[in-house]
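Q: Here is the input, now give the coordinates:
(2 chains)
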Amino acid sequence: MLKKIFPNKILSLTKETINILVYIFVIIIFVGLIYSLFLSPPDYVQGDSVRIMYVHVPSSFIALGSFALIGIASFFSLIFKIKFMPLIAKSLAPIGLIFCLISIVTGSLWGKPTWGTWWAWDARLTSMLVLFFFYVAYILTWKVIKVYEKANKVSSILGIIGTLNLPVIRYSVDWWNTLHQPSSITLTSAPTIHYTMLIPLVIMLIGMLFYSLVIFLMRYKIEVIKFKLSKKKFQNK
Amino acid sequence: MLRKKVKKRIFLLLFSFTIVISIIFIILKSLEKNVVYFLSPSEIYNDENVPFNKKIRVGGLVKINSVTKSQSTINFTITDLKKEIIVSFTGLVPNLFSEGKGVVVEGKLKDKKYFIADKILAKHDENYMPPEVKKALEKSNN
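A: Numbers count the residues shown, from 1 in each chain, chains lettered A, B, ... in the order given. So this is what the prediction gives:
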């Protein structure tokens, strides 16, 4: 699977493989939605608005995760000049942007009935907004700067600087007083979320990861083709 | 192993990385008062120059059996289990506002023990569970 990431292998990615992945994604999301919207219990204080979490948490996770990958790819692109790294980062950016937006919007929808406000300038919410702007800036550099090498350099630097924001997002709720609650799921201690709610959350996360994978593979293939075409054009001149 | 150029790039990147990290750290440290969304009653108690005519936020738990309502004004005590502040508020409270739960109030301090709020936000904690589990937990605690 991993070997397929390499530029020449990705071109052999067929429609059938994509279709299979789409089927898996649809089935998992369907099961996840049934579980999270109907089978899982309401929360003891939040009631039914807890169900927003089943979209909110996986979205935030993917938004952070894909920027971490963009950071790693940017690092290898900038230091080792590996040609396909920026193509990977470029394909990940729109996925992260959309999930970052979903995370902020669903969080806002949850905040109103729970906290009593749509938005608060606390550290978690603000740093998440900063991540959103990093995604926008990253995508814009590729759109605005026409010279490939230059765009690559600027966007890679942006990608690396942006990753500094990730630990701030993750630990903001521990470092400072925030309106946002601390993490329920951590590596070090048992989750403070009941298993009847944890199961649908994990199913939704897997489903949304599959969705991201499908979009990534499709975009990445296009980026590789575009890159190869532009190189050919250059040689023909 | 590594080529000289690559080594130079790594060094440059690490160098600028540390600088950027230190700059961000210094900025966040100096802005700490703004980054913190609310102060706890203890922090207000210990702070010598706590502002009285400026809008601030105080957060903590609503002390159990402290909520009293008279007409449209609601009075309650915010505690962080060390120090307490009495809060007075006129208006509607959010649905999740209840005794023993987290709360953040926005308004002005009258003195170090008394706070006039003009906005109340309920704070949710990191615990998620169905009502039946909560009941079972309470039963086993009693």
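
Q: need the contact list for residue 89.
A: Using chain A here. A:69-70, A:73-74, A:77, A:138, A:155-156, A:159 (C-beta atoms under 8 Å, 6 or more residues apart in numbering or on different chains). Heads up, the C-betas are built off the backbone N, CA and C, glycines and all.

Q: Hmm, no, I was thinking of chain B.
A: B:73-76, B:105, B:107, B:116-118, B:120.

Q: A:Ile29 too?
A: For A:Ile29, the contact set (C-beta under 8 Å, 6+ apart) comprises A:204, A:207-208, A:211.

Q: rerun that using 7 Å as the cut-off
A: If a contact means C-beta atoms under 7 Å, 6 or more residues apart in numbering or on different chains, then A:Ile29 has A:Gly207 as its contacts.

Q: Now do the SS call for it.
A: Here A:Ile29 is helix, with the state taken from DSSP: H, G, I helix; E, B strand; the rest coil.

Q: what's the spacing between it and A:Leu131?
A: 24 Å (C-beta to C-beta, to the nearest Å).

Q: any idea which helix or strand of the chain has the worst average confidence?
A: Reading this off chain A. helix A:7-10 (a mean of 76; mean pLDDT, DSSP states H and E).

Q: wait, I meant chain B there
A: When the helices and strands of chain B are scored by mean pLDDT, DSSP H and E, helix B:32-35 comes last with a mean of 76.

Q: Measure how far that one is from the centre of its chain, please.
A: Centroid displacement of helix B:32-35 relative to its chain, using C-alpha atoms, centre = their mean, to the nearest Å, is 12 Å.

Q: next structured bit after that helix?
A: helix B:41-46 (DSSP states H and E).

Q: Would you indicate which residues of that following helix are buried?
A: Neighbour-count burial for helix B:41-46, counted by 16 or more other C-beta atoms under 10 Å in any protein chain shown, picks out B:41-45.

Q: That one - what's its average pLDDT?
A: On average, the pLDDT along helix B:41-46 is 87.

Q: Nearest to chain A among the contacts of B:Phe89?
A: Distance to chain A across the contacts of B:Phe89 (C-beta to the nearest C-beta) is lowest for B:Ile120, with 6.7 Å.

Q: got the contact list for that closest one?
A: B:Ile120 sits in contact with A:116, B:89, B:93-94, B:97, B:103, B:105, where contact means C-beta under 7 Å, 6+ apart.

Q: can you map out the strands along chain B?
A: For chain B, the strands defined by DSSP state E cover B:56-62, B:68-70, B:73-79, B:84-90, B:102-111, B:114-123.

Q: Could you identify which of those strands is most buried?
A: strand B:56-62 (a mean of 22; mean count of other C-beta atoms under 10 Å in any protein chain shown).

Q: and the spatially most central residue of chain B, what does it touch?
A: Residue closest to the average C-alpha location in chain B (C-alpha atoms, centre = their mean): B:Phe38, at 4.1 Å. Residues near B:Phe38 by C-beta under 7 Å, 6+ apart: A:177, B:57-59, B:104.

Q: now A:Asp48
A: Counting by C-beta under 7 Å, 6+ apart, A:Asp48 makes contact with A:Pro42.

Q: three-state assignment of the closest residue in space to A:Ser60 that isn't next to it in sequence?
A: Spatial nearest neighbour of A:Ser60, chain neighbours left out: A:Ser103 (4.2 Å); criterion: C-beta to C-beta, 6 or more residues apart in numbering or on different chains. Of the three states, A:Ser103 takes helix under three-state DSSP.

Q: Now stretch B:94-102 - C-alpha only, PDB.
A: Written as PDB, here are the backbone C-alpha positions of stretch B:94-102 (Å, rounded to 0.1, in the frame of the first residue of the first chain):
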ATOM      1  CA  PRO B  94     -27.800  28.600  30.300                       C
ATOM      2  CA  ASN B  95     -29.600  25.200  30.500                       C
ATOM      3  CA  LEU B  96     -26.500  23.400  31.800                       C
ATOM      4  CA  PHE B  97     -26.000  25.800  34.600                       C
ATOM      5  CA  SER B  98     -26.400  23.800  37.800                       C
ATOM      6  CA  GLU B  99     -24.900  23.300  41.300                       C
ATOM      7  CA  GLY B 100     -21.700  21.400  41.400                       C
ATOM      8  CA  LYS B 101     -21.000  22.000  37.700                       C
ATOM      9  CA  GLY B 102     -18.400  24.300  36.000                       C
END
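
Q: Would you confirm that A:Val214 contacts A:Tyr23?
A: No. Between A:Val214 and A:Tyr23 there is no contact under C-beta atoms under 7 Å: 10.2 Å.

Q: Tell me which other helices or strands the lengthiest helix in chain A touches.
A: The single longest helix within chain A, with elements called by DSSP state H, is helix A:195-236. Judged by 3 or more C-beta pairs under 7 Å, 6 or more residues apart in numbering or on different chains; DSSP states H and E, the packing partners of helix A:195-236 are helix A:7-10, helix A:15-34, helix A:53-80, helix A:85-114.

Q: any chance of those helices in JSON lines, with distance to B:Asn49 too?
A: JSON lines is the format used below for the helices and strands packed on helix A:195-236 (distance: least, C-beta to C-beta, whole Å):
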{"stretch": "helix A:7-10", "distance to B:Asn49": "61"}
{"stretch": "helix A:15-34", "distance to B:Asn49": "52"}
{"stretch": "helix A:53-80", "distance to B:Asn49": "37"}
{"stretch": "helix A:85-114", "distance to B:Asn49": "32"}
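
Q: In the chain, where is pLDDT below threshold?
A: In the absence of a named chain, this looks at chain A. In the predicted model of chain A, residues A:1-5, A:234-237 satisfy pLDDT under 70.

Q: other chain: chain B
A: Chain B contains residues with pLDDT under 70 at B:1-2, B:142.
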